[in-house]
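> fold the following.
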Amino acid sequence: MNASNLQRKLSHKEKIIFRVKKFNRKHKALSFLGLAYAVISITSYNFLFYFYSNAKRFISLACILLFFVSSSSFSHPGMSFDISFDSDMNIDGYSGDSAGELSEVIDYESQAELSVTTVDETLLEEAMESVNPDATEAEHMISDNKATLSEILAATSSASDEEESAEVEFSENVTEEVPLSDTVPEHSFSSDDWQIVLINKQHPIPEDYAVSLGTINGSMRCDERIISPLLEMMRAASRDGANLIICSPYRDMDRQTMLFTNKVDRYMNGGMSYMEAYNLASQAVTVPGSSEHQIGLAIDIICDGYSSLDEGFADTKAGKWLADNSYKYGFILRYPLGKEDITSIEFEPWHFRYVGVDAATVMYENGICLEEFWNTYVN
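As a prediction, this is how the structure comes out:
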């Protein structure tokens, strides 16, 4: 045994054990205190020594955690895409697709509670008074650019004989009264059929989608393939005493973008942050690229004596007639009452979408919306 081993310093553990043994020899009655002291001291020392010897590792982990928390909490505002259909958000009855279709949304009430002290209430009220971008447009269309049946007929009076005979043939086909059970047997529909293309916030307009527009009246346009059934439906309604007026049919990307951007700007002017304004605006105006109006198959309809795009239209003679008869001409009430959790859009009794007579009849008979129709009937 060399001298270096004889002179080796005692470790911390050995020092504690030596002291405890010495204490127990002098105070045998209190030996349990010595043992408790030894256990606590050795355990505490080993615990602290472990952190000391791994200090660099724990410092690195702490820095990573701090960076993650700071970047997640402050750099990116939280977003929620829960859809809220609370009645408080239905300002003057204006909501949804043509009033602005619903797209990725947050619960505004909870956000409003957080920002109530910072939002300019006057500016916010002004912004929310115009939740429906088409409500004010509709009034101008009625006086300046309305599309009544007589005006559409006048605008199309120069059609060729072939077009007129085709229209008469279509009229005979769609107005023939046949029991519903005989009209539409079991059908199988193709996802490639342009008539039933599904457009919503989960299924935006395909990049290669081509719209072939025809003129309804003046600057008002829609997919040219639905003008004939639209005209026939208006004629049938007129015969039954319901005078339909077309407003806000096709909207291009620029128009949709302008409506959405204006809505966001109004909410921001009211004191909201950009994310708050963006999410609230999504409840009033569809995010550009996911509106049925942009493919020319959606038509907003009002009538004589009722020019507001709100739920009250459902109680008018025209609204009731359309709900009961539009399917005969290939149109569906796109956002029906009770289907809000499926369509993500509130009840819109003025918004009609062309899907073809077969598909429309299936949906009418079964009381389903377009999303449900796709899940059940489309291959």
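
> can you count the residues close to the residue nearest to T148 when sequence neighbours are not counted?
Setting aside the residues directly before and after it, T148 is nearest to I245 in space (Cβ to Cβ, 6 or more residues apart in numbering), at 5.5 Å. The way it works is simple: take the backbone N, C-alpha and C, and place the C-beta from them, glycine included. Close neighbours of I245, defined as other Cβ atoms under 10 Å, add up to 21.

> please apply the same query to V264.
So V264, with other Cβ under 10 Å, has 21 neighbours.

> check it and give its pLDDT.
On the pLDDT scale, V264 is placed at 92.

> same check on A360?
Looking at A360, its pLDDT reads 97.

> then R255?
With respect to pLDDT, R255 has a value of 88.

> is it true that the residue nearest to T148 lies in a helix?
No. Going by DSSP: H, G, I helix; E, B strand; the rest coil, the assignment for I245 is strand, not a helix.

> now it: how far from I216?
Applying Cβ to Cβ, to the nearest Å, the value for I245 to I216 is 11 Å.

> what do those two both touch?
A147 (Cβ atoms under 8 Å, 6 or more residues apart in numbering).

> that older thread, could you verify my assumption that the residue nearest to T148 touches C303?
Yes. Assessed by Cβ atoms under 8 Å, I245 is found in contact with C303 at 5.9 Å.

> so for the one helix or strand I332 maps to, what's the average pLDDT?
Of the helices and strands defined by DSSP states H and E, I332 is found in strand 331-335. Averaged across strand 331-335, pLDDT comes to 96.

> with stretch 287-307 instead?
Rounded to a whole number, the mean pLDDT of stretch 287-307 is 92.

> first-to-last residue distance for that stretch?
25 Å (Cα to Cα, to the nearest Å).

> in that stretch, what's buried?
287-303, 306-307 (16 or more other Cβ atoms under 10 Å).

> what's the spacing between the nearest residue to L297 once chain neighbours are set aside and L337?
Nearest residue to L297, sequence neighbours excluded (Cβ to Cβ, 6+ apart): Y354, at 4.9 Å. Shown here: Y354 relative to L337, a distance of 21 Å by Cβ to Cβ.

> compare neighbour counts for these two and give me the winner.
More crowded of Y354 and L337, by other Cβ under 10 Å: Y354, with 29 against 13.

> is that one in a bridge, and if so with what?
F331 (DSSP bridges).

> ok, it - contacts?
Applying Cβ under 8 Å, 6+ apart, the residues contacting Y354 are Q195, D223, I226, P229, L230, L297, I299, G330, F331.

> from the residues you listed, which land in strands?
D223, I299, F331 (DSSP state E).

> what is the least confident helix or strand in this protein?
Here the helix or strand of the chain ranked lowest by mean pLDDT, DSSP states H and E is helix 108-115, holding a mean of 38.
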